[in-house]
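[1] Pasting the sequence and the predicted coordinates here, then a few questions.
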Amino acid sequence: MNKGAVAVVISAIMMGSLPVFVRNIHMHPTQIAFFRLFVGFVYLIIFVLISREKLALKKPKIVLTLAFANVLTITFYIASIQLVEAATAALLLYMAPIYVIPIAYVIGEKIGKRSWIAVPLGISGLYLMLSPYGGLNLGIIYGFLSGICYSFMFVLLKKVREFMSSIQITFINLSIASLVLSPTLILFPVKIDVITFYWVLGLGLIPTALAFTIFNYGIKYCRVEQAPVLALIEPVSAGLFGFVFFNEVFEVKQIMGAFLVLFSVFMALKGD
């Protein structure tokens, strides 16, 4: 088990706590996305000052594309969380491995045998966990869109990580993304009470600033198709958070799916 894999798994667990914050912040999805990114950006200013990290926008085209993909991923994911169960929204986000594998193959990345085995296992688990839904609804559609956008993030992050540190990537990514979403405060005016303020602070720190930095660090040491499989632990952790905080209970098929997801993560960890 390498340090990159461990970092991706830890970040996935932290990101799995996102529904707890989203459900306690009663705003439009784009507003929540803005505050998540902006507050995370403020926290990272502190990290940058402490680490004395030098910031430079290298290869702006690919970095801006990454930031845009990040905005879409987060906004669609938050919209999905507001409409369906926490675990379901997270599982739809993690359909990303389906899209990453062909992208990785096309761009010439070497795909390990265990990763080829782990991905269908993980996707089978996702299918079982989504089985209670008989058809499409807006929450599921938003979830699928978040997964598509997320797959491009994995590929872009792998490339950006070659010439930027994890803190640099996260700092610049959050600053650009929060700037893009800032007009939502004008379109959807909002008043923040004291309790919501504390939830917003937590939203920017735990599933955002810390999780993104750890994830960006870990992806440098993972193959491009391996990271999404490792990160499949997020929907499982989101399901546990949903059970503890919102009494969302899995059916038998969903529990079986969760075990398949965990086993696929184990396979990916052994991929090296």
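    Looks like it came in fine. Numbers count the residues shown, from 1 in each chain.
[2] Skipping its backbone neighbours, what lies nearest residue 18 in space?
    Using CB to CB, 6 or more residues apart in numbering and skipping the chain neighbours, the partner closest in space to residue 18 is residue 207 (4.3 Å). For the C-beta atoms, the positions are set from N, CA and C on the backbone; glycine is no exception.
[3] Just the CA atoms of the helix or strand containing residue 119, as CSV, please.
    Per DSSP states H and E: residue 119 is located in helix 113-130. The C-alpha trace of helix 113-130 is given here as CSV (Å, rounded to 0.1, in the frame of the first residue of the first chain):
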residue,chain,number,x,y,z
LYS,A,113,-4.6,-5.9,-14.4
ARG,A,114,-5.9,-5.5,-10.9
SER,A,115,-7.5,-2.2,-11.7
TRP,A,116,-9.3,-3.8,-14.6
ILE,A,117,-10.7,-6.3,-12.2
ALA,A,118,-11.4,-3.8,-9.5
VAL,A,119,-13.4,-1.4,-11.6
PRO,A,120,-16.2,-3.8,-12.7
LEU,A,121,-16.4,-5.1,-9.1
GLY,A,122,-16.9,-1.6,-7.9
ILE,A,123,-19.4,-0.7,-10.6
SER,A,124,-21.4,-3.9,-9.8
GLY,A,125,-21.5,-2.7,-6.2
LEU,A,126,-22.8,0.6,-7.3
TYR,A,127,-25.5,-1.1,-9.3
LEU,A,128,-26.7,-3.1,-6.3
MET,A,129,-26.7,0.0,-4.1
LEU,A,130,-28.8,1.9,-6.7
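[4] Contact partners for residue 153?
    Residue 153 is in contact with 66, 69-70, 73, counting by CB atoms under 8 Å, 6 or more residues apart in numbering.
[5] now residue 43
    204-205, 208-210.
[6] Let's see that with 7 Å instead.
    With contact taken as CB atoms under 7 Å, 6 or more residues apart in numbering, residue 43 is in contact with 204-205, 209.
[7] Just among the residues you listed, which is most surrounded?
    In terms of neighbours by other CB atoms under 10 Å, these top out with residue 209 at 27 neighbours.
[8] Distance check, it against residue 170.
    Distance from residue 209 to residue 170, counting by CB to CB, to the nearest Å: 7 Å.
[9] what sits in contact with each of the two?
    Among the neighbours of residue 209, those also in contact with residue 170 (CB under 7 Å, 6+ apart) are residue 44.
[10] from the chain's centre, how far out does the helix or strand containing residue 65 sit?
    Secondary structure from DSSP H and E places residue 65 in helix 60-81. Remark: helix 60-81 is offset 10 Å from the chain centroid, using CA atoms, centre = their mean, to the nearest Å.
[11] Quick one: residues in contact with the helix or strand just after it.
    Moving toward the C-terminus from helix 60-81, the next helix or strand (DSSP H and E) is helix 86-93. The contact list for helix 86-93 (CB under 7 Å, 6+ apart) reads 16, 19, 77, 80-81, 126, 129-130, 139-140, 143-144, 146-147, 150, 234-235, 238-239, 241-242, 246, 248.
[12] CSV please, covering the contacts of residue 153 and showing neighbour count and distance to residue 166.
    Listed next are the contacts of residue 153 as CSV, based on neighbours: other CB atoms under 10 Å; distance: CB to CB, whole Å:
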residue, neighbour count, distance to residue 166
66, 22, 13
69, 22, 17
70, 25, 14
73, 23, 18
